[in-house]
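[1] Structure for the following, please:
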Amino acid sequence: MNTNFNHIKRLVIKVGSSSITHETGEINLEKIDQLAWECANLRNKGIEVALVSSGAIFAGAHRMLLSEKPKDTPRKQAASAVGQVALMNTYARSFHNYNYQVAQLLLTRMIEENTTMGVNVKNAFDELFNLNVVPIINENDAISTLEIEFGDNDKLSAVVARIIQADLLILLSDIDGLYNSNPKTNPQAKRLSLVEKVDEDLYKMAGNAISSAGTGGMITKLDAAKLCMERGIDMVIADSQDLSVIRKIMDGEDVGTLFVGGKNAGLV
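    This is a model prediction of the structure:
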C-alpha cells in the first residue's frame with residue numbers, strides 16, 4: 001500500500017473510552033500523557049490537531065463511586081458531567097507539560113444540520129488553531145443523548161472532520177482495523193489494509209463487535225468512514241494500545257485500515 005500523508009495540514013484524532021481508562025474506571029494517566037505527547041509533537045510539525053475524546057461517563061461513574069457504569073440515560077448524563085471535569089483537568093495538565101493549552105468543546109451532531117451553528121463552530125475551531133490551542137471535543141450529553149445511546153463519538157468525530165475540513169480522521173480503538181470477520185472469535189480473521197468503498201457487503205462483513213468500556217462497534221466506524229469519504233477525507237482505524245501508532249500512520253506504514261477518501265485516492 002502506497003500511502004502518503006505528507007499533505008496533512010489538519011487532523012482529527014478520536015480516542016475511545018476503553019483506550020484511556022483502566023478497567024477500574026479510573027483515567028489512565030499514562031495513556032493521556034502519551035496522547036498529549038503525540039498531539040503536541042504533531043503541532044510542533046505544523047499540523048493542526050483536534051482531539052475527540054470519550055471516557056467521561058466511565059470516569060464519572062467511578063468518581064461518584066458507582067458500582068458499575070450507569071445503564072439509564074439520566075444517570076449517564078450525570079456521570080458524564082462529573083467525568084468531563086476530571087477528564088479535562090487531566091488533559092490540561094498533560095498538554096501543559098508540552099507547552100500547549102487545550103480548549104473544551106462540547107458539541108452535538110446538530111452542528112452539521114444547523115447552518116448557523118456549523119459556521120459558529122468552524123469559526124471557533126479556526127481561531128483556536130490560530131492561537132495554537134488544541135481543541136478537545138466530546139458530545140454534550142447534558143442536552144443530547146445521541147452519543148450516549150449510539151456510537152461512542154465515532155460519528156461525531158467524522159462530523160467534526162467535515163466541519164473543520166480536515167484532511168484525515170484517525171479512529172483509535174481497541175481493535176487494530178477492519179477484519180473480514182470478528183478477530184475476537186475467529187483467529188483466522190484477516191485485517192483489511194485498504195477500503196475504497198463502504199457498501200452493504202462491508203457492513204455485513206463487519207458485524208458489530210462492541211468493546212467493554214465503549215458503546216460503539218465497527219458499524220459506527222463504517223458510518224464515520226462514509227461521512228468522511230463523502231467529503232474527500234481519509235480515515236484510518238487503528239489500535240490504541242500503543243499510541244505511537246499515530247506516528248506510524250503519519251509515516252505511511254501499513255497499520256490499521258485506511259478508508260480512502262482524499263488525496264490518497266490516486267495512490268492506491
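[2] need the next SSE after the helix or strand hosting residue 128, C-terminal direction.
    Under the criterion DSSP states H and E, the helix or strand holding residue 128 is helix 115-130. For helix 115-130, the succeeding helix or strand toward the C-terminus, using DSSP H and E, is strand 134-139.
[3] and the nearest residue to residue 228 once chain neighbours are set aside, backbone torsions?
    Taking CB to CB, 6 or more residues apart in numbering, and ignoring the residues beside it in sequence, residue 228 has residue 235 as its nearest neighbour in space, at 4.4 Å. For the C-beta atoms, the positions are set from N, CA and C on the backbone; glycine is no exception. Here the main-chain torsion angles of residue 235 (degrees, to the nearest 10) amount to phi -140, psi 140.
[4] quick one, what contacts residue 235?
    Applying CB atoms under 8 Å, 6 or more residues apart in numbering, we find residue 235 in contact with 158, 161, 168-171, 224-225, 228-229, 258-259, 261.
[5] Which stretches in this structure count as helices?
    Under the criterion DSSP state H, the chain carries helices at the ranges 17-20, 29-44, 56-63, 73-96, 110-113, 115-130, 146-149, 154-163, 200-206, 218-230, 245-250.
[6] any idea which of those helices scores lowest on pLDDT?
    Averaged per stretch, pLDDT over the helices of the chain is lowest on helix 146-149, reaching a mean of 55.
[7] could I get the helix holding residue 128 in PDB with only the CA atoms?
    Below are the C-alpha coordinates for helix 115-130, written out as PDB (Å, rounded to 0.1, in the frame of the first residue of the first chain):
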ATOM      1  CA  THR A 115     -26.000  26.200   9.200                       C
ATOM      2  CA  THR A 116     -25.600  29.000  11.700                       C
ATOM      3  CA  MET A 117     -24.300  26.600  14.400                       C
ATOM      4  CA  GLY A 118     -22.000  25.000  11.900                       C
ATOM      5  CA  VAL A 119     -20.400  28.300  10.900                       C
ATOM      6  CA  ASN A 120     -20.000  29.400  14.500                       C
ATOM      7  CA  VAL A 121     -18.300  26.100  15.400                       C
ATOM      8  CA  LYS A 122     -16.000  26.300  12.300                       C
ATOM      9  CA  ASN A 123     -15.000  29.900  13.300                       C
ATOM     10  CA  ALA A 124     -14.300  28.800  16.900                       C
ATOM     11  CA  PHE A 125     -12.000  25.900  15.700                       C
ATOM     12  CA  ASP A 126     -10.200  28.200  13.200                       C
ATOM     13  CA  GLU A 127      -9.400  30.700  15.900                       C
ATOM     14  CA  LEU A 128      -8.300  28.100  18.400                       C
ATOM     15  CA  PHE A 129      -5.900  26.700  15.700                       C
ATOM     16  CA  ASN A 130      -4.700  30.200  15.000                       C
END
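[8] how about that helix: buried residues?
    Under the neighbour-count criterion of 16 or more other CB atoms under 10 Å, helix 115-130 has 118, 121, 125, 128-129 buried.
[9] same question, stretch 158-177
    Along stretch 158-177, the positions that meet the burial threshold by neighbour count (16+ other CB under 10 Å) are 158-164, 166-177.
[10] for stretch 221-239, same thing?
    In terms of neighbour count (16+ other CB under 10 Å), stretch 221-239 has its buried residues at 221-229, 233-239.
[11] With respect to residue 134, which of the contacts of residue 235 is nearest?
    For the contacts of residue 235, the minimum distance to residue 134 (CB to CB) is 14.5 Å, reached by residue 170.
[12] Go ahead and confirm the closest one touches residue 8.
    No: Residue 170 lies out of contact with residue 8 (CB atoms under 8 Å); the separation is 10.3 Å.
[13] What is the burial count for the residue nearest to residue 98 when sequence neighbours are not counted?
    Nearest in space to residue 98, with sequence neighbours left out and distances taken as CB to CB, 6+ apart, is residue 40 at 3.6 Å. Counted by other CB atoms under 10 Å, the residues lying close to residue 40 total 18.
[14] Contact partners for residue 40?
    Residues near residue 40 by CB under 8 Å, 6+ apart: 95, 98-100, 134.
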